[in-house]
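> predicted model follows, preceded by the sequence.
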Amino acid sequence: MPSPVISATGLWTPPNSISNAELVASYNAWADNWNVENAADISSGLLEPKTHSSVEFIEKASGIKARYVIDKEGVLNPDIMTPRIPERPNEQISVLAEMAVHAARDALKRAGRDPKDIGAVICAASNMQRAYPAMAIEVQEALGIEGFAFDMNVACSSATFGIQTAADFIRSGNARSVLVVNPEICSGHLNFTDRDSHFIFGDVATAILVEDEAIAPAGHWKILGSRLKTQFSNNIRNNFGFLNRAAPDGIGTPDKLFVQEGRKVFKEVVPMVAEMINGHLGELGIEAGALKRMWLHQANANMNRLISSKVLGHEASDAESPTVLDTYANTSSAGSIIAFHLHSEDFTAGQKGLICSFGAGYSAGTVVVERVG
Ligand code: COA
């Protein structure tokens, strides 16, 4: 049976970054304006005044210091508070597909792979820009890839679910080279007027080339095993679907955007993920101490500290569990792949690591890899 490996990964980062200080200043200006506009209802007790957001809270509660976004101006304008991404004609490549193509080209270049050698494209991400045609087919067309392509969405876990799906195509002989892309415009489904969550997300795109080991370039990563898990929860939810159209002003009504019970997510997901990692390592007969690194989903630094303690038995060093959410924030499915992409060069043959994603669904995925050659 063919053996699936990760041949290369790719990353595309938007040019604009927003610091916590910039984000908080615009939120606070919006909140002050809102309080003035609603002064009568506030003084009669009908409405609660909006309180200020704080840089200190954001950094302490989440570990996030900045985020990249597609459109900085709209997000930071207190009169807009949402990204303004101009609609493109159907003849032009869509924004989400374009981001994916950038990341894909990076991965293909690193693997020395020609698009004509790819057999399938999977767009595995939290939010597709449209219902159909599939984003993946547009990416396939833009790159000149033959074969087949489709979209899949398992929220923050989409990338690991995509890796396992691609690996299964390799094992079954349905493809020899599969491109998985994770374009995430998280700013498009974040409510920047919600103090509890306005700081959480950023935009980015990653790509993963999963291939038959027989054709893989030197320096690839053997997939020793992958496990997926889902368990329904309403604690992280986004109702912004085709049945829930945008308000007439073009801005989605707040309750149709991302909402979460952050505390509950923290409490429920940490043990679920730690147990899953320990179980998967046990099945593979790999001691946690034998892992050189864990590339964990990037949602919350405290959450990752706890998960890695439960797996390693001690607090992980930066080298054992690197953080990218300080500069990228939560980029949904792409987070663990950014960490893997930016922090894996130092691996030598035989060293092992773990890619782990988790999030809405709930959903979680673990992929254990070993550096080859
Ligand atoms: N600025 C200042 N204070 C804020 C604030 C902000 N932006 N947002 C909330 N607060 C306040 C709250 O009002 C609350 O005040 P109170 O104690 O007076 O009621 C206090 O800070 C604590 O709020 P809480 O929401 O309980 O904070 P937290 O420590 O749970 O951190 C998250 C919030 C979202 C960072 C954290 O829960 C988290 O990251 N959870 C996991 C989320 C996750 O992984 N989601 C997956 C998404 S895909």
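Noted; the coordinates are in hand.

> for the stretch 251-373 of the chain, which residues are neighbours of the ligand?
Counting by Cβ under 6 Å from any ligand atom, the stretch 251-373 of the chain comes close to the ligand at 260, 262-263, 265-266, 299-300, 303, 330, 359-360. C-betas here are computed from N, CA, C, even on glycine.

> just the buried residues out of the residues you listed, in PyMOL syntax.
Buried residues within those, by 16 or more other Cβ atoms under 10 Å, are selected in PyMOL with:
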select buried, resi 260+262+265+266+299+300+303+330+359+360
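
> mind putting the residues of the stretch 251-373 of the chain next to the ligand in a markdown table, pLDDT included?
Listed next are these as a markdown table, based on pLDDT from 0 to 100:
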| residue | pLDDT |
| --- | --- |
| Gln260 | 94 |
| Gly262 | 94 |
| Arg263 | 95 |
| Val265 | 96 |
| Phe266 | 96 |
| Ala299 | 97 |
| Asn300 | 97 |
| Met303 | 97 |
| Asn330 | 98 |
| Gly359 | 97 |
| Ala360 | 97 |
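
> inside strands: which ones of the residues of the stretch 251-373 of the chain next to the ligand?
Among those, the residues falling in strands (DSSP state E) are 260, 359.

> just the residues of the stretch 251-373 of the chain next to the ligand now: which is nearest Glu211?
Nearest to Glu211 among these is Gly359, at 26.5 Å by Cβ to Cβ.

> for the residue in the stretch 201-350 of the chain that the ligand sits nearest to, list the residues it contacts.
Going by Cβ to the nearest ligand atom, the ligand is nearest to Gly262 of the stretch 201-350 of the chain, at 2.7 Å. Gly262 makes contact with 196-197, according to Cβ atoms under 8 Å, 6 or more residues apart in numbering.

> for Phe199, see how far away it is.
11 Å (Cβ to Cβ, to the nearest Å).

> now swap in Gly144 and tell me
Distance of Gly144 to Phe199, computed by Cβ to Cβ: 39 Å.

> quick one: which of these two has more around it?
Phe199 (29 against 10; other Cβ atoms under 10 Å).

> per-residue confidence for that one?
pLDDT, Phe199: 98.

> where's the residue nearest to it when sequence neighbours are not counted, which helix or strand?
Nearest residue to Phe199 in three dimensions, chain neighbours excluded: Ile58, at 4.5 Å (Cβ to Cβ, 6 or more residues apart in numbering). Element membership for Ile58 (DSSP states H and E) is helix 55-62.

> can you tell me what sits against stretch 341-352?
Contact with stretch 341-352 is made by 9-11, 206, 221, 224, 286, 290-293, 295, 322, 324, 353, 368-373, as judged by Cβ under 8 Å, 6+ apart.

> then stretch 270-279?
The contact list for stretch 270-279, computed with Cβ under 8 Å, 6+ apart, reads 227, 229, 231, 288, 294, 303, 306-307, 310-311, 354, 356, 358, 362, 364, 366.

> show the buried residues in those.
227, 229, 288, 294, 303, 306-307, 310-311, 354, 356, 358, 362, 364, 366.

> re earlier: in helices, which of the contacts of stretch 270-279 fall?
Secondary structure from DSSP state H places 303, 306-307, 310-311 of the contacts of stretch 270-279 in helices.
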